[in-house]
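Asker: Task: produce atomic coordinates for the following.
(chains A and B)
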There are 2 protein chains.
Amino acid sequence: MQAETMNTSLCSAGYDSLLEVMRRRRSIRSFRPDPVPDGLVDRILEAARWAPSAGNRQAHRFLVVTSREKIGAMAQAVEAATQRLADHLRADLAEQVASYLANFRHFVGAPVVLVAIYRTGFDLLRAVTPSGSAGELPGAKPVVDALASVSAAIMNLLLAAHVLGLGACWMTGPLVAAGELMAILEVPRGWEIAALVPVGFPAETPPATPRRTLDQLVRRID
Amino acid sequence: MQAETMNTSLCSAGYDSLLEVMRRRRSIRSFRPDPVPDGLVDRILEAARWAPSAGNRQAHRFLVVTSREKIGAMAQAVEAATQRLADHLRADLAEQVASYLANFRHFVGAPVVLVAIYRTGFDLLRAVTPSGSAGELPGAKPVVDALASVSAAIMNLLLAAHVLGLGACWMTGPLVAAGELMAILEVPRGWEIAALVPVGFPAETPPATPRRTLDQLVRRID
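Answerer: Numbering: from 1, shown residues only, chains lettered A, B, ... in the order given. Next up is the predicted model:
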């Protein structure tokens, strides 16, 4: 009973301010050159640390990249990969998509780039069944838990960055160069990059992007 | 400058209370029988609505299942699938894993079961390249964006549930019966279930599960 009371008192005005944080957070793609104090980076990673994960396996890590040399090499790899992609675009979409692709490298302007990685080698079904039989199980599913879990951690991190006055952006576009990025960052075998998250003090205040209404988002089965 | 000032003032004590919400949230697997008012369910879905998504495509939806009949059928399907799985377990792990599998159906005790679904049919690379050439692109990656995005929405939703005094749990175990669940819930082709999230007033106050330390979670590249 005590825990419940604490919870209620902790959260009396809690929902409104939490929703306000969620609503005001923006994807920030342009950063001031000021460095981000290590203490602030640690505080947003602390938020990531408390996200739930499948089976509490916490099968993910964050690389905190502040090396200008590494960030530059990453941006070059993404530039080269998007150029290759641009050469393959449908003619009618080429101009529009090329400008979209150009966004994939804007992390180069951030003082810190977080790289979220997750382990792909673990398969619960294979771990608990005799060798070779997991594939025969009806309903056996591919293991996507680790990606879902690292995504939860990224969401926590973005909320924390926002309340600390930092800007950040959840980028998967740069993964067109996933292989090269993994080589540059020495990501071990059996791990994949989930996203790049550039972090810095915002140099822009973008408007909210539109969202579906609740009715569009939800189907009720009652 | 004004936006920045607002941000700072909004969030002066914001980080501490946000982290407190993240730290105190628990995965709740046991629920009081009391129904959850529709208004509260809408408020947690409102939080999900504001999560970012890849390309702002919002390629996910939430099914809000309150039908006892449907929830019962879902639990039966999961029960049957876990039984099939149990028949294949490695002998040395059988007892331990069987008790783990039994957890997959505890959503049956929740007054509301949210089912998060995401669209798998969309492939950005295929959409912007001439038919057939996407597969030849160096670095072309499988489209996992939609799962990452729905996971962000689920994280927001869990935080909101907690501050409203509700318990919830991010469950992927029941996906051993993904096919059957999709049939019961009439999930359209081209969509997959990301997770089941039972929601209700908590009937337990579980302790925190351990987390890696920041040093274990992070590698610095500076």
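
Asker: Quick check: residue A:214 touching residue B:42?
Answerer: Yes - counting by C-beta atoms under 8 Å, residue A:214 touches residue B:42, with 6.2 Å between them. In short, each C-beta sits where N, CA and C put it, glycine included.

Asker: Help me see whether the strand or helix carrying residue A:77 makes contact with chain B, please.
Answerer: Using DSSP states H and E, residue A:77 maps to helix A:68-86. Yes - Helix A:68-86 is in contact with chain B by C-beta under 8 Å from any C-beta of the partner chain, via A:70, A:81, A:84-85.

Asker: ok, residues contacting that helix?
Answerer: Residues from elsewhere that reach helix A:68-86 (C-beta atoms under 8 Å, 6 or more residues apart in numbering or on different chains): A:65, A:94, A:97-98, A:101-102, A:104-105, A:107-108, A:110, A:113, A:173-174, A:176-177, A:180-181, A:184-185, A:196, B:125, B:129, B:137-139, B:221.

Asker: If we use 6 Å, what do you get?
Answerer: A:65, A:98, A:101, A:104-105, A:108, A:113, A:174, A:176-177, A:180-181, A:184, B:138-139, B:221 (C-beta atoms under 6 Å, 6 or more residues apart in numbering or on different chains).

Asker: Report the buried members of these.
Answerer: Buried by 16 or more other C-beta atoms under 10 Å in any protein chain shown: A:65, A:101, A:104-105, A:108, A:113, A:174, A:176-177, A:180-181, A:184, B:139, B:221, out of the contacts of helix A:68-86.

Asker: how near is residue A:32 to residue A:72?
Answerer: According to C-beta to C-beta, to the nearest Å, residue A:32 and residue A:72 sit 19 Å apart.

Asker: helix or strand right after the helix or strand bottoming out on mean pLDDT in chain A?
Answerer: Lowest mean confidence among the helices and strands of chain A (mean pLDDT, DSSP states H and E): helix A:2-10, at a mean of 41. Sequence order places helix A:14-24 as the next helix or strand after helix A:2-10, per DSSP H and E.

Asker: near chain B at all, whichever helix or strand comes after that next one?
Answerer: Toward the C-terminus, helix A:14-24 is succeeded by helix A:38-49 as the next helix or strand (DSSP H and E). Yes - Helix A:38-49 comes into contact with chain B (C-beta under 6 Å from any C-beta of the partner chain), by way of A:45, A:47, A:49.

Asker: So for the first one, what's the pLDDT?
Answerer: Okay, so that is residue A:45. As predicted, residue A:45 sits at a pLDDT of 98.

Asker: about what we covered before: and residue A:32 and residue A:72? which has more neighbours close in?
Answerer: Using other C-beta atoms under 10 Å in any protein chain shown as the criterion, residue A:32 and residue A:72 rank with residue A:32 on top: 15 against 12.

Asker: quick one: contacts for residue A:198?
Answerer: Here residue A:198 is in contact with A:107, A:110, A:113, A:169 (criterion: C-beta under 6 Å, 6+ apart).

Asker: and residue A:129, what pLDDT?
Answerer: 75.

Asker: Show the contacting residues for it.
Answerer: Residue A:129 touches residue B:88, counting by C-beta under 6 Å, 6+ apart.

Asker: for chain A, which strand is longest?
Answerer: Longest strand of chain A, by residue count under DSSP state E: strand A:191-200.

Asker: Follow the chain on from that one and name the next helix or strand.
Answerer: helix A:214-217.

Asker: Pairing partners for the following helix or strand past that next one, with directions?
Answerer: As assigned by DSSP H and E, the chain's next helix or strand after helix A:214-217 is strand A:218-221. Sheet pairing of strand A:218-221 (DSSP bridges) gives strand B:60-65 (parallel).

Asker: re earlier: CSV for the residues of helix A:38-49 next to chain B, including neighbour count?
Answerer: Shown next, in CSV, are the residues of helix A:38-49 next to chain B (neighbours: other C-beta atoms under 10 Å in any protein chain shown):
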residue, neighbour count
A:45, 19
A:47, 24
A:49, 23
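
Asker: any idea how far chain B is from residue A:193?
Answerer: Using C-beta to the nearest C-beta, to the nearest Å, residue A:193 is found at 9 Å from chain B.

Asker: can you check residue A:186 too?
Answerer: 9 Å.

Asker: And for that residue, the neighbour number?
Answerer: 9.

Asker: ok, it to residue A:95 distance?
Answerer: As judged by C-beta to C-beta, residue A:186 and residue A:95 stand 37 Å apart.

Asker: Please apply the same query to residue A:84.
Answerer: Residue A:84 is 17 Å from residue A:95, by C-beta to C-beta.

Asker: So these two - more neighbours on which side?
Answerer: Legend: neighbour count by other C-beta under 10 Å for residue A:84 and residue A:95, higher for residue A:84 (15 against 10).
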